[in-house]
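Colleague: pasting a predicted model and its sequence here:
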Amino acid sequence: MNLPDLKEDCSRCAALCCLAYPFEPHEDFGLVKARDTPCPNLGPDFRCSIHPDLASKGFGGCIAYSCAGAGQRVTQELFDGETWRDDPDLLHHMTYALRVLRPIHEALLVLQEAATLSLPADLQNHCQELTRALCPEDPSSIWDFEEDSVQDALAAVPDFVETLAPFAQRRR
Ligand code: SF4
């Protein structure tokens, strides 16, 4: 199975999280911005210019956030290392891809955790089936992740997680 890296690696990403999502007034970000708009704290090198001071400046949301590895995968695998600064026409395509891929990577993290539980065989098999469905073979564009087989598996993860409660409690 082609399980991707599920840990973020900002050094291989084009700071997609710093532009893809809107910051709403009620959220833990020190400013309000629209989606697909670069955060004004983002430097030309794709690094956060206030990184050491995120907490004191009210950006706890940035500290808590993780793309679960989706950002570098979009940048390196789906866009061959190109960035929206090299080609501004890529901006919306890259941020769209991040918004599609991030929940898939988060679901894979959940399934990875589920696989560590002592589950009966049918639940183990279901866990593997869902994981496999979320990892399409040789994806070349974000469309491969929008196939029904992937999206149906993604939609099935919450119900699967509910069935795990007794096994998770037993481990405590
Ligand atoms: S404050 Fe820094 S980490 Fe947060 S979105 Fe802006 S540039 Fe990115």
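Modeller: Received it, and whenever you're ready, just let me know what you need. Residues are numbered from 1 along each chain as shown.
Colleague: show me what from the protein comes close to the ligand.
Modeller: Proximity of the chain to the ligand is confined to 18, 39, 41, 42, 48, 50, 59, 62 under the rule Cβ under 6 Å from any ligand atom. Every residue, glycine included, has its C-beta placed from N, CA and C.
Colleague: my read: the third one touches residue 47, true?
Modeller: No. Here residue 41 does not reach residue 47: they are 9.7 Å apart, not a contact under Cβ atoms under 8 Å.
Colleague: neighbour count winner among the two?
Modeller: Under the criterion of other Cβ atoms under 10 Å, the comparison of residue 41 against residue 47 puts residue 41 first, with 18 against 13.
Colleague: pretty sure residue 76 sits in a helix.
Modeller: Yes. Counting by DSSP: H, G, I helix; E, B strand; the rest coil, residue 76 falls inside a helix.
Colleague: and it, what's its pLDDT?
Modeller: Note for residue 76: predicted pLDDT of 97.
Colleague: what of residue 172?
Modeller: Per-residue pLDDT puts residue 172 at 60.
Colleague: all numbers from here: first residue = 26
Modeller: Okay, using 26 as the starting number, the last item reads as residue 197.
Colleague: which residues in the protein form helices?
Modeller: Using DSSP state H, the helices of the chain run over 42-45, 85-89, 95-98, 116-139, 146-158, 173-187, 190-196.
Colleague: and those, which is most packed in?
Modeller: Stretch with highest mean neighbour count among those: helix 95-98 (a mean of 26; mean count of other Cβ atoms under 10 Å).
Colleague: can you tell me which residue is nearest the centre of this protein?
Modeller: With distances taken as Cα atoms, centre = their mean, residue 127 lies nearest the centre of the chain, 2.3 Å away.
Colleague: name the nearest residue to that one, sequence neighbours excluded.
Modeller: Ranked by Cβ to Cβ, 6 or more residues apart in numbering and with sequence neighbours excluded, the top spatial neighbour of residue 127 is residue 95, at 4.2 Å.
Colleague: ok, now which ones touch the one you found?
Modeller: Contacts here follow Cβ atoms under 8 Å, 6 or more residues apart in numbering; on that basis residue 95 touches 123, 126, 127, 129, 130.
Colleague: and the third one, what does it touch?
Modeller: By that I understand residue 127. Here residue 127 is in contact with 92, 93, 95, 96 (criterion: Cβ under 8 Å, 6+ apart).
Colleague: go again with 10 Å.
Modeller: 41-42, 45-46, 90-96, 98-99 (Cβ atoms under 10 Å, 6 or more residues apart in numbering).
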